[in-house]
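Colleague: Predicted model, plus sequence, below.
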Amino acid sequence: MRSKKTTRDFGTDSYAGPLLEVNDVATHFKTPRGLVRAVDGVSFTLERGKTLGIVGESGCGKSVLSKSIMGLLPPRNVVRSGSIRYNGEEIGSAKASEMAGIWGTEMSMVFQDPMTALNPVMKVGKQITESLRYHLDVSKSFANETATELLRSVGIPEPARRVSQYPFEFSGGMRQRVMLAVALACGPKILFADEPTTALDVTIQAQILDLLDEQQRERFMAMILVTHDLGVVAGRADEIAVMYAGKIVEKAPTRALFSSMRHPYTEALFKSIPKLALPSHSHLESIPGRPPDLVDPPAGCRFAARCPYAQPICTEVEPPLIQQDELAHVAACHFPVGTEAGNEALARNKAAGVVAADSKVGG
Ligand code: SF4
(Lines give C-alpha, C1' and ligand atoms only; values in the text may rest on other atoms or scores of the structure.)
Protein backbone atom coordinates (compact mmCIF):
# COMPACT_ATOMS: atom_id res chain seq x y z
CA MET A 1 0.00 0.00 0.00
CA ARG A 2 1.40 3.42 -0.95
CA SER A 3 1.90 5.87 1.87
CA LYS A 4 -0.64 8.67 1.82
CA LYS A 5 2.10 11.02 3.09
CA THR A 6 4.54 10.25 0.27
CA THR A 7 5.32 13.40 -1.66
CA ARG A 8 7.22 11.59 -4.40
CA ASP A 9 7.55 7.98 -5.54
CA PHE A 10 10.55 6.07 -4.28
CA GLY A 11 11.05 3.67 -7.14
CA THR A 12 8.67 1.17 -8.64
CA ASP A 13 7.98 -2.42 -7.70
CA SER A 14 9.31 -3.45 -11.11
CA TYR A 15 12.82 -2.08 -10.42
CA ALA A 16 15.09 -5.11 -10.84
CA GLY A 17 18.22 -3.71 -9.14
CA PRO A 18 19.09 -4.05 -5.46
CA LEU A 19 16.57 -2.64 -3.00
CA LEU A 20 19.26 -0.50 -1.37
CA GLU A 21 22.50 0.74 -2.96
CA VAL A 22 24.87 2.64 -0.68
CA ASN A 23 27.82 4.14 -2.50
CA ASP A 24 30.77 5.92 -0.87
CA VAL A 25 28.60 7.33 1.91
CA ALA A 26 30.26 9.60 4.46
CA THR A 27 28.67 11.19 7.52
CA HIS A 28 30.79 13.68 9.40
CA PHE A 29 29.85 15.70 12.49
CA LYS A 30 31.01 19.27 13.03
CA THR A 31 32.37 19.64 16.58
CA PRO A 32 34.49 22.29 18.32
CA ARG A 33 37.48 19.94 17.93
CA GLY A 34 36.94 19.51 14.19
CA LEU A 35 35.07 17.12 11.88
CA VAL A 36 34.37 13.71 13.40
CA ARG A 37 34.49 11.23 10.52
CA ALA A 38 31.92 8.83 11.98
CA VAL A 39 31.20 7.13 8.62
CA ASP A 40 33.88 7.53 6.02
CA GLY A 41 33.24 6.12 2.57
CA VAL A 42 30.98 3.09 3.02
CA SER A 43 29.50 1.12 0.10
CA PHE A 44 27.24 -1.94 -0.01
CA THR A 45 24.05 -3.22 -1.59
CA LEU A 46 21.09 -5.01 -0.04
CA GLU A 47 18.76 -7.27 -2.00
CA ARG A 48 15.07 -7.78 -1.27
CA GLY A 49 14.37 -10.29 1.49
CA LYS A 50 18.04 -10.52 2.57
CA THR A 51 19.72 -9.73 5.87
CA LEU A 52 22.94 -7.76 6.15
CA GLY A 53 24.68 -7.83 9.53
CA ILE A 54 26.77 -4.75 10.33
CA VAL A 55 29.20 -5.55 13.12
CA GLY A 56 31.74 -3.52 15.04
CA GLU A 57 32.65 -2.03 18.40
CA SER A 58 30.82 0.97 19.90
CA GLY A 59 31.70 4.12 18.02
CA CYS A 60 32.68 2.36 14.77
CA GLY A 61 29.92 4.23 12.90
CA LYS A 62 27.43 1.39 12.42
CA SER A 63 24.47 3.12 14.13
CA VAL A 64 25.30 6.47 12.51
CA LEU A 65 25.32 4.70 9.14
CA SER A 66 21.81 3.26 9.69
CA LYS A 67 20.43 6.61 10.82
CA SER A 68 22.15 8.36 7.93
CA ILE A 69 20.56 5.98 5.40
CA MET A 70 17.14 6.53 6.96
CA GLY A 71 17.69 10.30 7.04
CA LEU A 72 17.17 10.39 10.81
CA LEU A 73 20.12 12.65 11.63
CA PRO A 74 19.38 16.34 12.18
CA PRO A 75 20.80 18.42 9.31
CA ARG A 76 22.55 20.82 11.68
CA ASN A 77 26.24 20.12 12.16
CA VAL A 78 26.08 16.99 10.00
CA VAL A 79 27.90 16.78 6.68
CA ARG A 80 26.69 13.95 4.43
CA SER A 81 28.00 12.86 1.07
CA GLY A 82 27.79 9.88 -1.26
CA SER A 83 24.84 8.20 -2.89
CA ILE A 84 21.98 6.21 -1.33
CA ARG A 85 19.56 4.68 -3.80
CA TYR A 86 16.38 3.06 -2.53
CA ASN A 87 14.52 0.96 -5.08
CA GLY A 88 16.46 2.77 -7.82
CA GLU A 89 15.70 6.28 -6.53
CA GLU A 90 18.34 8.57 -5.04
CA ILE A 91 17.39 9.43 -1.43
CA GLY A 92 20.78 10.56 -0.13
CA SER A 93 19.86 14.19 -0.58
CA ALA A 94 16.10 13.87 0.07
CA LYS A 95 14.60 16.43 2.44
CA ALA A 96 13.15 15.33 5.78
CA SER A 97 9.65 16.03 4.44
CA GLU A 98 10.26 13.58 1.57
CA MET A 99 11.87 10.99 3.84
CA ALA A 100 8.84 11.19 6.18
CA GLY A 101 6.89 9.57 3.36
CA ILE A 102 9.03 6.44 3.48
CA TRP A 103 9.60 6.14 7.23
CA GLY A 104 7.41 3.31 8.41
CA THR A 105 6.11 2.30 5.00
CA GLU A 106 9.35 1.61 3.13
CA MET A 107 11.99 1.63 5.89
CA SER A 108 11.55 1.23 9.60
CA MET A 109 13.79 0.88 12.63
CA VAL A 110 13.81 -1.10 15.85
CA PHE A 111 15.90 0.73 18.41
CA GLN A 112 18.08 -0.59 21.20
CA ASP A 113 16.00 0.78 24.05
CA PRO A 114 12.23 0.56 23.56
CA MET A 115 11.63 2.53 26.76
CA THR A 116 13.04 5.64 25.13
CA ALA A 117 11.78 4.86 21.60
CA LEU A 118 8.16 4.25 22.66
CA ASN A 119 6.04 7.12 23.92
CA PRO A 120 5.70 6.39 27.69
CA VAL A 121 2.39 8.26 28.06
CA MET A 122 0.57 6.70 25.10
CA LYS A 123 -1.12 3.29 25.10
CA VAL A 124 0.75 0.83 22.91
CA GLY A 125 -2.27 0.18 20.67
CA LYS A 126 -2.53 3.89 19.96
CA GLN A 127 1.17 4.02 19.05
CA ILE A 128 0.52 1.42 16.38
CA THR A 129 -2.75 2.86 15.09
CA GLU A 130 -1.28 6.39 14.91
CA SER A 131 1.43 5.13 12.60
CA LEU A 132 -1.12 3.26 10.46
CA ARG A 133 -3.51 6.22 10.26
CA TYR A 134 -0.69 8.70 9.60
CA HIS A 135 0.91 6.76 6.79
CA LEU A 136 -1.88 4.72 5.23
CA ASP A 137 -5.43 5.38 4.13
CA VAL A 138 -7.13 3.07 6.64
CA SER A 139 -10.20 3.42 8.81
CA LYS A 140 -10.00 3.67 12.59
CA SER A 141 -11.60 0.27 13.09
CA PHE A 142 -9.22 -1.37 10.59
CA ALA A 143 -6.26 0.26 12.37
CA ASN A 144 -7.52 -1.01 15.76
CA GLU A 145 -7.95 -4.56 14.45
CA THR A 146 -4.52 -4.44 12.81
CA ALA A 147 -2.89 -3.24 16.05
CA THR A 148 -4.32 -6.21 17.96
CA GLU A 149 -3.28 -8.60 15.21
CA LEU A 150 0.24 -7.16 15.11
CA LEU A 151 0.66 -7.60 18.86
CA ARG A 152 -0.53 -11.19 18.48
CA SER A 153 1.93 -11.81 15.62
CA VAL A 154 4.89 -10.64 17.71
CA GLY A 155 3.94 -12.98 20.55
CA ILE A 156 2.17 -10.66 23.02
CA PRO A 157 -0.34 -12.77 25.00
CA GLU A 158 -3.91 -11.43 25.30
CA PRO A 159 -3.31 -8.73 22.67
CA ALA A 160 -6.91 -7.44 22.77
CA ARG A 161 -6.42 -6.47 26.41
CA ARG A 162 -2.83 -5.32 26.17
CA VAL A 163 -3.40 -2.79 23.36
CA SER A 164 -4.86 -0.59 26.10
CA GLN A 165 -1.77 -0.71 28.29
CA TYR A 166 1.18 1.67 28.55
CA PRO A 167 4.81 0.70 27.80
CA PHE A 168 5.76 0.63 31.51
CA GLU A 169 3.26 -2.21 32.04
CA PHE A 170 5.35 -4.50 29.80
CA SER A 171 8.58 -6.33 30.67
CA GLY A 172 11.78 -5.46 28.74
CA GLY A 173 11.37 -8.33 26.26
CA MET A 174 7.67 -7.61 25.75
CA ARG A 175 8.43 -3.91 25.19
CA GLN A 176 10.90 -4.88 22.48
CA ARG A 177 8.11 -6.98 20.87
CA VAL A 178 5.82 -3.94 21.00
CA MET A 179 8.56 -1.84 19.39
CA LEU A 180 8.79 -4.43 16.62
CA ALA A 181 5.00 -4.34 16.13
CA VAL A 182 5.16 -0.53 15.77
CA ALA A 183 8.04 -0.85 13.29
CA LEU A 184 6.20 -3.50 11.23
CA ALA A 185 2.81 -1.77 11.26
CA CYS A 186 3.01 -0.19 7.81
CA GLY A 187 4.75 -3.12 6.09
CA PRO A 188 8.27 -1.71 5.55
CA LYS A 189 10.48 -3.29 2.89
CA ILE A 190 13.63 -2.75 4.97
CA LEU A 191 13.86 -3.12 8.73
CA PHE A 192 16.88 -1.64 10.53
CA ALA A 193 17.41 -3.41 13.84
CA ASP A 194 19.97 -1.43 15.84
CA GLU A 195 21.35 -3.53 18.71
CA PRO A 196 17.80 -4.83 19.23
CA THR A 197 18.70 -7.17 22.09
CA THR A 198 21.51 -5.44 23.95
CA ALA A 199 19.38 -4.44 26.92
CA LEU A 200 17.85 -7.93 27.33
CA ASP A 201 18.96 -11.06 29.14
CA VAL A 202 20.33 -13.95 27.09
CA THR A 203 17.16 -16.08 26.89
CA ILE A 204 14.99 -13.14 25.85
CA GLN A 205 17.69 -12.04 23.36
CA ALA A 206 17.39 -15.34 21.52
CA GLN A 207 13.57 -15.09 21.48
CA ILE A 208 13.65 -11.57 20.01
CA LEU A 209 16.24 -12.51 17.40
CA ASP A 210 14.16 -15.56 16.42
CA LEU A 211 11.09 -13.34 16.18
CA LEU A 212 12.95 -10.89 13.92
CA ASP A 213 14.01 -13.82 11.71
CA GLU A 214 10.47 -15.17 11.55
CA GLN A 215 8.90 -11.80 10.71
CA GLN A 216 11.55 -11.06 8.12
CA ARG A 217 10.98 -14.37 6.33
CA GLU A 218 7.17 -14.15 6.48
CA ARG A 219 7.15 -10.62 5.09
CA PHE A 220 10.05 -11.07 2.68
CA MET A 221 11.57 -7.94 4.21
CA ALA A 222 15.18 -6.96 3.88
CA MET A 223 16.89 -6.38 7.22
CA ILE A 224 19.99 -4.59 8.41
CA LEU A 225 20.97 -6.05 11.76
CA VAL A 226 23.41 -3.76 13.58
CA THR A 227 25.34 -5.26 16.49
CA HIS A 228 28.66 -5.26 18.32
CA ASP A 229 28.40 -9.04 18.67
CA LEU A 230 29.57 -11.20 15.79
CA GLY A 231 27.79 -14.12 17.50
CA VAL A 232 24.39 -12.41 17.06
CA VAL A 233 24.63 -12.31 13.26
CA ALA A 234 26.12 -15.79 12.85
CA GLY A 235 23.43 -17.95 11.28
CA ARG A 236 21.01 -15.03 10.95
CA ALA A 237 22.57 -12.74 8.32
CA ASP A 238 23.09 -13.61 4.64
CA GLU A 239 26.05 -11.27 4.51
CA ILE A 240 28.18 -9.54 7.13
CA ALA A 241 29.96 -6.20 6.93
CA VAL A 242 32.56 -5.55 9.61
CA MET A 243 33.07 -1.86 10.40
CA TYR A 244 36.06 -0.29 12.08
CA ALA A 245 36.62 3.43 12.67
CA GLY A 246 34.01 4.55 10.16
CA LYS A 247 34.91 2.14 7.36
CA ILE A 248 33.92 -1.33 6.22
CA VAL A 249 37.08 -3.41 6.61
CA GLU A 250 35.64 -6.77 5.55
CA LYS A 251 32.41 -7.90 3.90
CA ALA A 252 31.44 -11.41 2.91
CA PRO A 253 28.62 -13.94 2.76
CA THR A 254 28.24 -15.19 6.35
CA ARG A 255 29.57 -18.67 5.62
CA ALA A 256 32.67 -17.31 3.88
CA LEU A 257 33.34 -14.83 6.66
CA PHE A 258 33.30 -17.49 9.37
CA SER A 259 35.19 -20.09 7.36
CA SER A 260 37.95 -17.81 6.05
CA MET A 261 37.93 -14.42 7.73
CA ARG A 262 40.70 -12.28 6.31
CA HIS A 263 40.82 -9.09 8.35
CA PRO A 264 42.69 -9.17 11.68
CA TYR A 265 39.93 -7.06 13.27
CA THR A 266 37.29 -9.63 12.24
CA GLU A 267 39.52 -12.33 13.70
CA ALA A 268 39.84 -10.36 16.95
CA LEU A 269 36.05 -9.91 17.16
CA PHE A 270 35.61 -13.64 16.54
CA LYS A 271 38.06 -14.53 19.32
CA SER A 272 36.12 -12.37 21.75
CA ILE A 273 32.88 -14.43 21.30
CA PRO A 274 32.26 -16.76 24.27
CA LYS A 275 32.52 -20.40 23.05
CA LEU A 276 30.34 -23.14 24.53
CA ALA A 277 33.23 -25.61 24.28
CA LEU A 278 35.39 -23.50 26.61
CA PRO A 279 35.47 -24.52 30.28
CA SER A 280 33.53 -22.19 32.58
CA HIS A 281 35.50 -19.19 33.92
CA SER A 282 37.75 -19.27 30.83
CA HIS A 283 39.36 -15.93 30.09
CA LEU A 284 37.79 -14.29 27.02
CA GLU A 285 40.12 -12.47 24.66
CA SER A 286 39.64 -8.74 24.39
CA ILE A 287 41.03 -6.44 21.73
CA PRO A 288 43.90 -4.42 23.19
CA GLY A 289 43.99 -0.64 22.78
CA ARG A 290 41.26 1.72 21.67
CA PRO A 291 39.83 2.80 18.32
CA PRO A 292 41.50 5.90 16.83
CA ASP A 293 40.33 9.48 17.24
CA LEU A 294 38.03 10.07 14.28
CA VAL A 295 38.75 13.80 14.30
CA ASP A 296 42.29 13.02 13.28
CA PRO A 297 42.45 9.40 12.10
CA PRO A 298 45.92 7.95 11.58
CA ALA A 299 47.46 7.58 8.13
CA GLY A 300 47.40 4.12 6.58
CA CYS A 301 45.30 1.40 8.20
CA ARG A 302 43.17 2.66 11.09
CA PHE A 303 43.55 -0.67 12.93
CA ALA A 304 47.36 -0.65 12.82
CA ALA A 305 47.95 0.39 16.45
CA ARG A 306 45.99 -2.66 17.68
CA CYS A 307 46.86 -5.19 15.01
CA PRO A 308 49.09 -8.20 15.74
CA TYR A 309 49.91 -8.47 12.02
CA ALA A 310 50.93 -4.81 11.47
CA GLN A 311 54.05 -4.01 9.46
CA PRO A 312 55.62 -0.63 8.60
CA ILE A 313 53.62 -0.25 5.37
CA CYS A 314 50.38 -0.44 7.40
CA THR A 315 50.93 3.01 8.94
CA GLU A 316 51.84 4.51 5.57
CA VAL A 317 49.46 3.14 2.96
CA GLU A 318 45.74 2.71 3.49
CA PRO A 319 44.77 -0.80 2.36
CA PRO A 320 41.95 -0.82 -0.22
CA LEU A 321 39.02 -3.22 -0.01
CA ILE A 322 40.00 -6.00 -2.38
CA GLN A 323 38.43 -9.28 -3.41
CA GLN A 324 39.43 -12.38 -1.47
CA ASP A 325 38.84 -16.05 -2.37
CA GLU A 326 35.35 -15.52 -3.70
CA LEU A 327 33.68 -12.69 -5.60
CA ALA A 328 31.53 -11.31 -2.79
CA HIS A 329 34.27 -11.48 -0.15
CA VAL A 330 36.31 -8.28 0.23
CA ALA A 331 38.76 -7.17 2.91
CA ALA A 332 41.04 -4.18 3.42
CA CYS A 333 44.33 -5.54 4.70
CA HIS A 334 47.94 -5.70 3.48
CA PHE A 335 48.56 -8.98 5.35
CA PRO A 336 45.27 -10.90 5.38
CA VAL A 337 44.66 -13.57 8.02
CA GLY A 338 45.32 -17.11 6.84
CA THR A 339 47.40 -16.09 3.81
CA GLU A 340 51.13 -16.61 3.41
CA ALA A 341 51.74 -12.86 3.76
CA GLY A 342 49.57 -12.75 6.90
CA ASN A 343 51.23 -15.76 8.50
CA GLU A 344 54.71 -14.33 7.83
CA ALA A 345 53.76 -10.92 9.24
CA LEU A 346 52.38 -12.47 12.44
CA ALA A 347 55.42 -14.75 12.78
CA ARG A 348 57.75 -11.73 12.38
CA ASN A 349 55.88 -9.83 15.10
CA LYS A 350 56.03 -12.84 17.42
CA ALA A 351 59.74 -13.28 16.85
CA ALA A 352 60.23 -9.59 17.60
CA GLY A 353 58.11 -9.93 20.76
CA VAL A 354 55.57 -7.39 19.41
CA VAL A 355 52.72 -9.86 19.98
CA ALA A 356 52.34 -12.76 22.40
CA ALA A 357 53.95 -15.96 21.12
CA ASP A 358 50.72 -17.92 21.63
CA SER A 359 48.76 -15.76 19.12
CA LYS A 360 47.23 -18.07 16.55
CA VAL A 361 48.58 -18.01 13.02
CA GLY A 362 45.95 -18.17 10.29
CA GLY A 363 42.18 -18.15 10.36
FE1 SF4 B 1 45.74 -3.07 8.95
FE2 SF4 B 1 48.14 -3.98 8.42
FE3 SF4 B 1 46.72 -5.08 10.34
FE4 SF4 B 1 46.02 -5.44 7.84
S5 SF4 B 1 47.92 -6.15 8.80
S6 SF4 B 1 44.68 -4.89 9.50
S7 SF4 B 1 46.59 -3.50 6.93
S8 SF4 B 1 47.48 -3.03 10.31
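Modeller: Thanks, I have the structure now. The model shown is predicted, which means the values in this text are computed figures rather than measured ones.
Colleague: Work out the gap between the helix or strand of the chain with the lowest mean pLDDT and the centre of the chain.
Modeller: Least confident element among the helices and strands of the chain, by mean pLDDT, DSSP states H and E: helix 114-117 (a mean of 80). When distances are taken as CA atoms, centre = their mean, to the nearest Å, helix 114-117 is centred 18 Å away from the chain's centroid.
Colleague: how deep is F258 tucked in, by neighbour count?
Modeller: F258: 17 surrounding residues under other CB atoms under 10 Å. Using the backbone N, CA and C atoms, a C-beta is placed for each residue, glycine as well.
Colleague: tell me the pLDDT at L230?
Modeller: With respect to pLDDT, L230 has a value of 89.
Colleague: give me every residue that touches it.
Modeller: 55, 240, 242, 266, 269-270, 273 (CB atoms under 8 Å, 6 or more residues apart in numbering).
Colleague: now do 6 Å
Modeller: 55, 269-270, 273 (CB atoms under 6 Å, 6 or more residues apart in numbering).
Colleague: tell me which element the spatially most central residue of the chain falls in.
Modeller: Closest to where the C-alpha atoms of the chain average out (CA atoms, centre = their mean) is V226, at 2.3 Å. If you go by DSSP states H and E, V226 is part of strand 222-227.
Colleague: After that strand, which helix or strand is next?
Modeller: helix 230-233.
Colleague: Report the buried residues of that next one.
Modeller: For helix 230-233, burial by neighbour count (16 or more other CB atoms under 10 Å) applies to 230, 232-233.
Colleague: Was I right to think G246 contacts V42?
Modeller: No: the criterion here is CB atoms under 6 Å, and G246 misses it with V42 at 7.8 Å.
Colleague: Now the phi/psi pair for the nearest residue to C301 once chain neighbours are set aside, please.
Modeller: Nearest residue to C301, sequence neighbours excluded (CB to CB, 6 or more residues apart in numbering): C314, at 4.6 Å. Dihedral pair for C314: phi -60, psi -30, per degrees, to the nearest 10.
Colleague: wait, what's in contact with C314?
Modeller: 300-301, 304, 334.
Colleague: Just put these in a markdown table and tack on secondary structure.
Modeller: Below are these laid out as a markdown table (DSSP: H, G, I helix; E, B strand; the rest coil):
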| residue | secondary structure |
| --- | --- |
| G300 | coil |
| C301 | coil |
| A304 | helix |
| H334 | coil |
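Colleague: restrict those residues to contacts with the ligand.
Modeller: When contact is defined as CB under 6 Å from any ligand atom, the contacts of C314 meet the ligand at 301, 304, 334.
Colleague: Show me what the least confident helix or strand of the chain is in contact with.
Modeller: 111, 175-176, 179.
Colleague: What is the nearest of those to the ligand?
Modeller: F111 (31.4 Å; CB to the nearest ligand atom).
Colleague: Mind pulling up the pLDDT for E239?
Modeller: We note a pLDDT of 97 for E239 in this prediction.
Colleague: Those residues of the chain touching the ligand, which are they?
Modeller: 263-264, 301, 303-304, 307, 309-310, 314, 319, 333-335.
Colleague: I'd assumed R152 was in a helix, is it?
Modeller: Yes: per three-state DSSP, R152 lies within a helix segment.
Colleague: For the residue nearest to it when sequence neighbours are not counted, give me its contacts.
Modeller: Excluding the flanking residues, the one nearest R152 by CB to CB, 6+ apart is P159, at 4.4 Å. When contacts are counted by CB under 6 Å, 6+ apart, P159 touches 148, 151-152.
Colleague: Now do P159 against C186, distance only.
Modeller: Separation of P159 from C186 (CB to CB, to the nearest Å): 18 Å.
Colleague: ok, back up a step: report the mean confidence score over the strand holding V226.
Modeller: Computed over strand 222-227, the mean pLDDT rounds to 95.
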